[in-house]
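*Asks:* Here you go, sequence then predicted model.
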Amino acid sequence: DVKVTQSSRYLVKRTGEKVFLECVQDMDHENMFWYRQDPGLGLRLIYFSYDVKMKEKGDIPEGYSVSREKKERFSLILESASTNQTSMYLCASSGDPLTSDTQYFGPGTRLTVL
Amino acid sequence: AQSVTQPDIHITVSEGASLELRCNYSYGATPYLFWYVQSPGQGLQLLLKYFSGDTLVQGIKGFEAEFKRSQSSFNLRKPSVHWSDAAEYFCAVGAGSSNTGKLIFGQGTTLQVKP
């Protein structure tokens, strides 16, 4: 089974702090994704990566950056956290040739910025 | 541009009743289509997917979905709902030929099950 893990289930940070959210997948997938999920807005893509050191902006990249130094790990960085970044963050991976675009999700990190 | 619409934001059904969740998509070619389920506080779990072939696909937990090209729909069905099916359901469409694996998600439908 594909396993996608996220470093924290719950995180509380203060405004202005630098925040790192880590995601690790164990299936050698090429593609990795970061979404945020807010009530009534569904899933919105922040950034994705289709190879090591490659990244592309999603629909809402402002205020975020990402890092993919190793194939299995994709980090989301909030350079200076703000209260409007309080949300559920979901990581996903895909790229198994047999399952094509099927994305496999981690359990999510609920971030609260005070 | 690709898009996915789930017309029903919230649905309530009685336990044991049948269920149909609607999904309409907009895409120029043959899409890859997915249904995911999310229990409260959890990540998304794949229920089923359609890539090609038989337009009626079976998934986990007794769910099925039918791809209707003429209606641009991929509705999710279950003949008899269980209380544990209460969750949020997301329909998604992928480009298939894309090498980035991006999916476009609908806004989600929240299912409530009455005892």
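*Replies:* Perfect, thanks for sending it. Numbers count the residues shown, from 1 in each chain, chains lettered A, B, ... in the order given.
*Asks:* for the single longest strand found in chain A, packing partners?
*Replies:* The longest strand of chain A (DSSP state E) is strand A:42-51. Packed against strand A:42-51 by the contact rule (3 or more CB pairs under 8 Å, 6 or more residues apart in numbering or on different chains; DSSP states H and E) you find strand A:31-38, strand A:54-57, strand A:65-70, strand A:73-78. Yep, even glycine has a C-beta here, placed from its N, CA and C like the rest.
*Asks:* For that strand, buried residues please.
*Replies:* A:G42, A:L43, A:L45, A:I46, A:Y47, A:F48, A:S49, A:Y50 (16 or more other CB atoms under 10 Å in any protein chain shown).
*Asks:* Same check on stretch A:5-15?
*Replies:* Residues of stretch A:5-15 classed as buried by neighbour count (16+ other CB under 10 Å): A:Q6, A:S8, A:L11, A:K13.
*Asks:* same deal with stretch A:104-113?
*Replies:* A:Y104, A:F105, A:G106, A:P107, A:G108, A:T109, A:R110, A:L111, A:V113.
*Asks:* Please list all residues in contact with the first one.
*Replies:* If I follow you right, that is A:Y104. Contacts for A:Y104 (CB atoms under 8 Å, 6 or more residues apart in numbering or on different chains) come out as A:V2, A:V4, A:Q25, A:M27, A:H29, A:A92, A:S93, A:S94, B:L46.
*Asks:* who wins for most neighbours among those residues?
*Replies:* Neighbour counts for the contacts of A:Y104 were taken using other CB atoms under 10 Å in any protein chain shown; the highest belongs to A:S93, which has 30 neighbours.
*Asks:* That residue is in what secondary structure piece?
*Replies:* Remark: A:S93 resides in strand A:87-94, with elements defined by DSSP states H and E.
*Asks:* what lines up beside the helix or strand just after that strand in the sheet?
*Replies:* Going down the chain from strand A:87-94, the next helix or strand is strand A:104-105, by DSSP H and E. Sheet partners assigned to strand A:104-105 using DSSP bridges are listed as strand A:87-94 (antiparallel).
*Asks:* Which stretches in chain B count as strands?
*Replies:* Using DSSP E, the strands of chain B run over residues B:3-5, B:10-14, B:19-21, B:24-26, B:32-38, B:44-50, B:56-58, B:64-68, B:73-78, B:87-94, B:103-105, B:109-114.
*Asks:* Pipe those strands into CSV and attach distance to A:S65 per row.
*Replies:* Formatted as CSV, the entries for those read as follows, by distance: least, CB to CB, whole Å:
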stretch, distance to A:S65
strand B:3-5, 27
strand B:10-14, 35
strand B:19-21, 36
strand B:24-26, 31
strand B:32-38, 26
strand B:44-50, 24
strand B:56-58, 38
strand B:64-68, 37
strand B:73-78, 35
strand B:87-94, 25
strand B:103-105, 22
strand B:109-114, 32
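*Asks:* right, and those - which one's nearest A:Y35?
*Replies:* Of all the strands of chain B, it is strand B:103-105 that lies closest to A:Y35, at 8.2 Å by CB to CB.
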